[in-house]
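[1] pasted the sequence and its predicted model underneath.
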Amino acid sequence: MKSEDTPFEGGPMDGRTLPVLVGPTGNPPKTYRIPVPDAAGGPPTVLVYRRVPRGHSKRLGLPQGWKYEFDPEGKRGGGPKWPWSRPSRTGDPNGAEGKPGDTGG
């Protein structure tokens with residue numbers, strides 16, 4: 001597998017460069033999750049970094065490499081936005097939409 005040295009910005013990994021495996025297209029993954037073990041033996045804290053372009057070329061505006069920026073909220077997302085998909089509701093854990101006037105019974 002091929003890897004690429006990728007810089008990290010923000011958060012606890014600020015200023016570090018790590019080798020990140022690249023996919024078949026030559027790009028690193030869109031999100032990079034780093035589990036940090038808890039000192040008390042509890043569940044690990046997960047640091048989330050999002051891939052952003054490092055710079056753009058002058059003529060075509062293509063990305064010239066990638067870097068990771070810290071995402072303090074660490075929300076999942078960034079997936080495809082299909083026109084037939086409904087936005088998920090924050091109150092319903094299943095994301096199910098109800099019809100107006102529907103009592104659920």
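    It's in.

[2] where is the longest strand in this protein?
    strand 45-53 (DSSP state E).

[3] pairing partners for that one, with directions?
    Using DSSP bridges, the strands paired with strand 45-53 are strand 31-36 (antiparallel), strand 66-70 (antiparallel).

[4] can you list contacts of the shortest one?
    Judged by CB atoms under 8 Å, 6 or more residues apart in numbering, the contacts made with strand 66-70 from elsewhere in the structure are 4, 6-11, 13-14, 20, 27-28, 32, 47-54. Backbone N, C-alpha and C define where each C-beta goes, glycine included.

[5] which among those residues count as buried?
    Neighbour counting with 16 or more other CB atoms under 10 Å marks 6-8, 13, 20, 28, 32, 47-49, 51 as buried within those.

[6] need the contact list for the residue nearest the centre of the chain.
    In the chain, the C-alpha nearest the mean C-alpha coordinate belongs to Thr31, at 3.3 Å (CA atoms, centre = their mean). Shown in contact with Thr31 (CB under 8 Å, 6+ apart): 48-51, 71, 78.

[7] residues near Trp66, how many?
    19 (other CB atoms under 10 Å).

[8] surely Thr45 and Arg33 touch.
    No - between Thr45 and Arg33 no contact is recorded; they are 10.7 Å apart, counting by CB atoms under 8 Å.

[9] winner for burial among the strands paired with strand 45-53?
    strand 66-70 (a mean of 19; mean count of other CB atoms under 10 Å).

[10] and stretch 49-59, end to end?
    29 Å (CA to CA, to the nearest Å).

[11] average pLDDT for that stretch?
    For stretch 49-59, mean pLDDT is 91.

[12] distance from it to the middle of the chain?
    Relative to the centre of its chain, stretch 49-59 is centred 15 Å away, using CA atoms, centre = their mean, to the nearest Å.
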